[in-house]
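Asks: make a model of this:
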Amino acid sequence: MVGDMASEVAHEALLREWPRLREWLQEDREGRKLGRNVAEAAAEWQRLGKDPEARYRGARLGATLDWSRTHQAELNPLEREFVAAGQAHHDAALRRSKRRNRVLAALVAFTLLAGTLAFLQRSTAQHQALVSKANSLAAEATARAPTQLDLALLLAVEGHRMNDSVATKASLLINEAKTGIVCPTLGKQGLDFLGFHLHKVESWRWKGRFYLQRWPSHKAMTSIRAKIKAATDRANVGKSLDVVVKDLNRTLAAWGNHYRRGNSARKFAIIDSYVHERLAILMSHKHGLTGGNWGRRYNPAWLKRLGVLRLSGTVRYATAHA
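Replies: Sure thing, here's the model as predicted:
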């Protein structure tokens, strides 16, 4: 009795004080349980005529394979065959998966290649269209240079922006007879470019400092005056004043949008005054009055009621320091 108690106490002490022994015993219990499960599953597999659906798969197969590597001696022939059948099925599935992945990878690669080729073809077509458009602008710039230098330069700049080539660069050098060298230092000389007159102007606040400013050139002012005069000519007496103002506003808006970024306030005020004068003269003709009558009868309040576009106040200054 005492011997049995001493043996039990010693066994409990070993379990408590020797953790590794506890691990071995736990592993042995799990191993024995796994062995019993394999034996039962193998017997069931044989009873079902070795049905493929009865084989181990997934995590259960993985645990069984790990265990069987160190416990082959504990397995009988049927159990070894059962484990081997599960592993064979697993290996075959793995091979199929690899083949499927290779096929998918090939399809993805082919799709990417096809997409890349399509993109390159589309990009090439777009580039060719861009080059063609740029060359067309360069050719038009060269053709217009003798009579419309401002427009020709705009076309040349746009063509060169679209495609930097020999043809578009050449169009920027058009009409040398209308180009020259100027000395803008201290406001001595200015130059006309794209309808603007560029000139250095001394600062009223800081004497000795000159700033590059731009405003509508003499040619641009002459051109807009001619258009205003044509719109308000005596020949339009029979037209409705609303129609005249609508046409006039369209002309003023297009011209003002081009020149409002600069130092055009004085020139805009001159044009506003000229528009007022011309409309007053037209109304005097309509009513058989002599003179312009634009100071009394057709005053600024009358002009405002007509809804005439005023250029004054629309300037967006863009002054550059010298």
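Asks: just for this structure, where's the confidence low?
Replies: Applying pLDDT under 70 to the chain flags residues 1-29, 31, 146, 149, 166-185, 187, 291-295, 317-322.
Asks: specify the local secondary structure of the most centrally placed residue in the chain.
Replies: Nearest to the mean C-alpha position of the chain, by Cα atoms, centre = their mean, lies S123 at 16.0 Å. Secondary structure, DSSP: H, G, I helix; E, B strand; the rest coil: S123 is helix.
Asks: please report how far L113 lies from G256.
Replies: Look at L113 and G256: by Cβ to Cβ, to the nearest Å, they are 54 Å apart. All C-beta spots, glycine's among them, are computed from the backbone N, C-alpha and C.
Asks: between the two, who's got more neighbours?
Replies: More crowded of L113 and G256, by other Cβ atoms under 10 Å: G256, with 21 against 10.
Asks: might one say that that one is in contact with G313?
Replies: No: between G256 and G313 there is no contact under Cβ atoms under 8 Å: 10.5 Å.
Asks: and Q72, how many neighbours?
Replies: Neighbours of Q72 using other Cβ under 10 Å come to 10.
Asks: can you pull the domain assignment for this protein?
Replies: Residue ranges for the domains of the chain, per automatic domain parsing: 2-92, 190-321.
Asks: in the stretch 201-322 of the chain, which spans are helices?
Replies: Ranges of helices in the stretch 201-322 of the chain, per DSSP state H, counting those that start in this stretch, are 218-231, 241-259, 265-286, 300-306.
Asks: mind putting the ones you listed into JSON lines with distance to A118?
Replies: Shown next, in JSON lines, are those (distance: least, Cβ to Cβ, whole Å):
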{"stretch": "helix 218-231", "distance to A118": "48"}
{"stretch": "helix 241-259", "distance to A118": "41"}
{"stretch": "helix 265-286", "distance to A118": "52"}
{"stretch": "helix 300-306", "distance to A118": "58"}
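Asks: ok, which of those comes nearest H89?
Replies: helix 241-259 (78.7 Å; Cβ to Cβ).
Asks: show me what counts as buried in that closest one.
Replies: 244-245, 247-249, 251-252, 255-256, 258-259 (16 or more other Cβ atoms under 10 Å).
Asks: which one of these is nearest to L282?
Replies: Checking the buried residues of helix 241-259 against L282 with Cβ to Cβ, the nearest one is V244 at 7.0 Å.
Asks: shouldn't that closest one be in contact with A231?
Replies: Yes: between V244 and A231 a contact is recorded at 6.3 Å, counting by Cβ under 8 Å.
Asks: got the phi/psi numbers for G49?
Replies: phi 70, psi 30 (degrees, to the nearest 10).
Asks: for it, what are its contacts?
Replies: Residues near G49 by Cβ atoms under 8 Å, 6 or more residues apart in numbering: none.
Asks: residues in contact with T251?
Replies: 224, 227-228, 231.
Asks: again but with L151, I slipped
Replies: R144.
Asks: element containing it, please.
Replies: Using DSSP states H and E, L151 sits within helix 149-162.
Asks: that helix to helix 218-231, inter-axis angle?
Replies: With axes from the mean of the first three to the mean of the last three Cα atoms, to 10 degrees applied, the angle from helix 149-162 to helix 218-231 works out at 110 degrees.
Asks: between helix 241-259 and helix 149-162, find me the angle.
Replies: 50 degrees.
Asks: okay, buried residues for helix 149-162 please.
Replies: Buried residues in helix 149-162 (16+ other Cβ under 10 Å): 149-150, 152-160, 162.
Asks: dump these to JSON lines, plus distance to D66.
Replies: Formatted as JSON lines, the buried residues of helix 149-162 follow (distance: Cβ to Cβ, whole Å):
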{"residue": "L149", "distance to D66": "89"}
{"residue": "D150", "distance to D66": "87"}
{"residue": "A152", "distance to D66": "85"}
{"residue": "L153", "distance to D66": "83"}
{"residue": "L154", "distance to D66": "80"}
{"residue": "L155", "distance to D66": "80"}
{"residue": "A156", "distance to D66": "79"}
{"residue": "V157", "distance to D66": "77"}
{"residue": "E158", "distance to D66": "74"}
{"residue": "G159", "distance to D66": "75"}
{"residue": "H160", "distance to D66": "74"}
{"residue": "M162", "distance to D66": "69"}
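Asks: out of the domains of the chain, the one nearest K133 is which?
Replies: With Cβ to Cβ as the measure, domain 190-321 is the member of those nearest K133 (20.6 Å).
Asks: which one of the buried residues of helix 241-259 sits closest to A141?
Replies: Distances from A141 to the buried residues of helix 241-259, taken by Cβ to Cβ, are shortest for H258, at 17.8 Å.
Asks: which ones are touching the residue nearest to the closest one when sequence neighbours are not counted?
Replies: Closest residue to H258 apart from its sequence neighbours, by Cβ to Cβ, 6 or more residues apart in numbering: G195 at 6.6 Å. G195 makes contact with 150, 216-217, 219-220, 258-259, according to Cβ under 8 Å, 6+ apart.
Asks: show me which of the residues you listed is closest to S132.
Replies: Closest to S132, out of all of the contacts of G195 and judged by Cβ to Cβ, is D150, at 24.6 Å.
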